[in-house]
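**Student:** Below is the sequence, then the predicted model.
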Amino acid sequence: MTSVGLHCMKYQHQRSGCIVARYLSGNRRASSASILAYEDSHQRGFGKIRATSSPNAGGSSITTHLSEVSHSSPMRLVPSRRSHPAHHKLGTNYEAAIVHLSSYGGGFVPGDIIDLDIDVRGEGGIVYVLTQGGSRIYCPGDDFRQYGNYNHQSDGKSNSESIDTRSRAKLCQSTINCTIDPGATLLYLPDPTVPYYETSFEEMRLFNCKYNQDAMGSIISVDWYSSGRRASTGMEVERWAFDYLATRMELHVTHEQSSADPEPILIDSMTLDNTANSTKGTLSPAAIAMGKNHDSYATILLHGPNSIEVAKRATALSQHLAGLKTRVRQANFGDIESQNECDLVELSNALGERVIMSVNSIENDDATNNQEVFETQTHVVRILGKSNEDIYRVLHCCMKPCSQFLGGLEPYKDRIHSSGTVRSSISAEATHLPLNSISAGSWQSKRSEEELLAIANSLVYGKQMKSPNQSSSTDAWFHACLFSDSALPVGSFAHSLGVEAASQIGLFNHEGLSTDGPSCSEEDLADYVYAVSRSTARFSTPIILGAYSLVSTDFDAGQSYCSWLEIDRYTDKLLKSNGPGRRASMDQGLGFLRIAPALLKRNDKLEITKLWKYMKATINDKSNYQEPFLIGSQSPRHSRVHAAPLYGLLAGNLGISPLDACRLFAFGAARDSVSAAVRLNLLGPVAGLSLLSKIGHRAVEEGTEEALLSLSACRTMDNSVNELYKDFLSCATTCAPVMDVAQPCHDLLSVRLFRT
């Protein structure tokens, strides 16, 4: 295994304990002994694919050979014959290696863990990894708790297992660690993963793409999830009804001669937790987060020169799809052949309103001089569809350029079974799907207010349960009022959190909406506001508490400054896959930095004053700023000044409690999304106030509580007090795919009121 592979695997194994504990946080903490028992489970399977390229005689073609293929149950790897070079139309032909990824039993049973290493070596090497069908995550069954040996424990315990043991045993995990040499290509194109009712699944994908002065490795990877059994008789409660689903992708780009541990240039993290939903007959939080009528969600990672044509087709298709619903900005796709353009138009017309699609071009701000040529070669594509068939058709259309590397084989072509016209949706009456909005249900907190306050304080202060800054409760209360005031000049109301784009592409106009009534379904709008507010709370809470911990005790300005830079850079990597959301965060962060001196003018602590001076100077002079405390160490790259880290620092300086700081920030997102809806005339001011009171409050509390419980479970004691933030950052994740897809569409709109 390569050094990068060892690093990535080590990172995953270090996280495995906190992964289990994070899932258990909704019930109760797992003991260290039970976590070790989980890690030693006999259901862990390992797989390895190593491929090496070699030119054929005369150098007219390059063949990729599988030098190593190994697997252990429950994983199974099935090599297929290589693509035939005779079908290629390029001057230099490629003969790719093809491997089918499967498992004994056709999916994951509770407790399965798989670790897969893929290593593509040599310039021109191509590996195509696909699946034989959807990967199903099977539910435990009614008698799951009655079998003491189901978790493969040998301690002789009776079948009266605790809920901890049951939850630990049914969590399935998948780790995929890939290394791609310069000039090589990995096509990882599986079928959807289907998490069934009451299942739990977590997947980590680690990609290390190497480059040199002449070439860059290429990655085309699909991460795809389906809602489960949505149309079976009596299965109405199984749509997006899993207990827990988490997926995380990291893209590392390193020089082929580098021996240092790579840092990711892009992190894409999503966590969906349905354990908070206790109301029968209502949609789960995951179903709301996906959009009421969407049963399939896919994310495509495109990186490297061999992914450019796929990115062009995906961008053109997303523009055609948006153009069916609203006026879009014109883009030049002249290098796409006219026949291909006709195919895109025909597909977009057939799909109609069944698919929402967005494409984000990723900026590599940390690129070195040798990487500058590759900066625009990373894209993230997100797709929401009403059925798997819709996603198959989109993927097949976008992946057609890959056929030149696969001997004419078109990925996903054999999966399309519908006719030229996409079949109509199955009616809700026929499937008995519950279409009640989130507003129809009630919500019960897992923890009391006192417990949440204690958790937040213990995360930041440890055993010290009171902040040294909170000497005056009246000052903290007044500062909290200032932070929640709509007149705070940070530019929040210039951003709609995707409400404007979602409105124009028809997310709030469901099929049953009368043409004579209002142009917006308030129920669909409420679901969107709920998803956005909950996701903001879930994402920002770990970051805010991480920044808050920098000023929670006596601190050194130089050390806190460097730690803030690290938090800010990590936040930027998380937001890169959502361009408008990233810009909104940076705009508001600059606003907080601008008003900081006015809020801190009564603070007489010299170190705090120096900290904000360093931060502001870095923004003013991004290239040459160097303080004495940085001499002798690596100079930090400039910051992007994101809102959440700045908010945490300000709240800590002003004595606002950690829990209140997290709630206030999430409340701002809920307020801004409702305000955007009012300004867009989607609903009136009074209706907006009612929506914010009923939906916004619940979403903020759910997201904040979920993040706090996750942080409490993930907290290690390895870091010092001044490095607590390192425990928090890995828990920052989104939970609203519908916003992640809709918000980037804002850049396509021809007429728009908001900046993002």
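**Tutor:** Here it is on my side, so go on. Just so we're clear, the structure is a prediction, and the values are computed from it rather than from any experiment.
**Student:** Identify the residues contacting stretch 531-541?
**Tutor:** Residues from elsewhere that reach stretch 531-541 (Cβ atoms under 8 Å, 6 or more residues apart in numbering): 271, 285, 288-289, 497-499, 574, 644, 647, 662-663, 665-666, 669-670, 673, 695-696, 699-700, 702-704, 706-708, 711, 732-736, 738-739. Where C-beta positions appear, they are placed from N, C-alpha and C, glycine not excepted.
**Student:** Check the residue most central in space within the chain and give its pLDDT.
**Tutor:** Ranked by distance to the mean C-alpha position of the chain (Cα atoms, centre = their mean), the top residue is Ser269 at 2.8 Å. Looking at Ser269, its pLDDT is 94.
**Student:** where's it, which helix or strand?
**Tutor:** In this structure, Ser269 sits in strand 264-273 according to DSSP states H and E.
**Student:** ditto for Ala598
**Tutor:** helix 579-599.
**Student:** for that helix, packing partners?
**Tutor:** Counting contacts by 3 or more Cβ pairs under 8 Å, 6 or more residues apart in numbering; DSSP states H and E, helix 579-599 packs against helix 557-575, helix 606-620, helix 643-654.
**Student:** With distance to Asp747 and mean neighbour count added, can I get the ones you listed in TSV?
**Tutor:** Formatted as TSV, those follow (distance: least, Cβ to Cβ, whole Å; neighbours: other Cβ atoms under 10 Å):
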stretch	distance to Asp747	mean neighbour count
helix 557-575	15	22
helix 606-620	25	17
helix 643-654	20	27
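**Student:** Of all those helices, which one comes closest to Ala454?
**Tutor:** helix 643-654 (18.0 Å; Cβ to Cβ).
**Student:** tell me what that closest one is packed against?
**Tutor:** helix 473-484, helix 522-548, helix 557-575, helix 579-599, helix 658-679.
**Student:** again, only using 7 Å
**Tutor:** In terms of contacts (3 or more Cβ pairs under 7 Å, 6 or more residues apart in numbering; DSSP states H and E), helix 643-654 is packed against helix 522-548, helix 557-575, helix 579-599, helix 658-679.
**Student:** Let me have those helices in CSV, extended by distance to Ile98 and mean pLDDT.
**Tutor:** Below are the helices and strands packed on helix 643-654 laid out as CSV (distance: least, Cβ to Cβ, whole Å; pLDDT from 0 to 100):
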stretch, distance to Ile98, mean pLDDT
helix 522-548, 38, 92
helix 557-575, 32, 87
helix 579-599, 34, 87
helix 658-679, 45, 92
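**Student:** Indicate which one of those is closest to Val355.
**Tutor:** helix 522-548 (17.0 Å).
**Student:** ok and that closest one relative to helix 643-654, angle-wise?
**Tutor:** Angle, helix 522-548 to helix 643-654, by axes from the mean of the first three to the mean of the last three Cα atoms, to 10 degrees: 60 degrees.
**Student:** when you compare where helix 522-548 runs with where strand 264-273 runs, what's the angle?
**Tutor:** 120 degrees.
**Student:** Ile267: what's it in contact with?
**Tutor:** With contact taken as Cβ atoms under 7 Å, 6 or more residues apart in numbering, Ile267 is in contact with Glu250, Lys573, Leu574.
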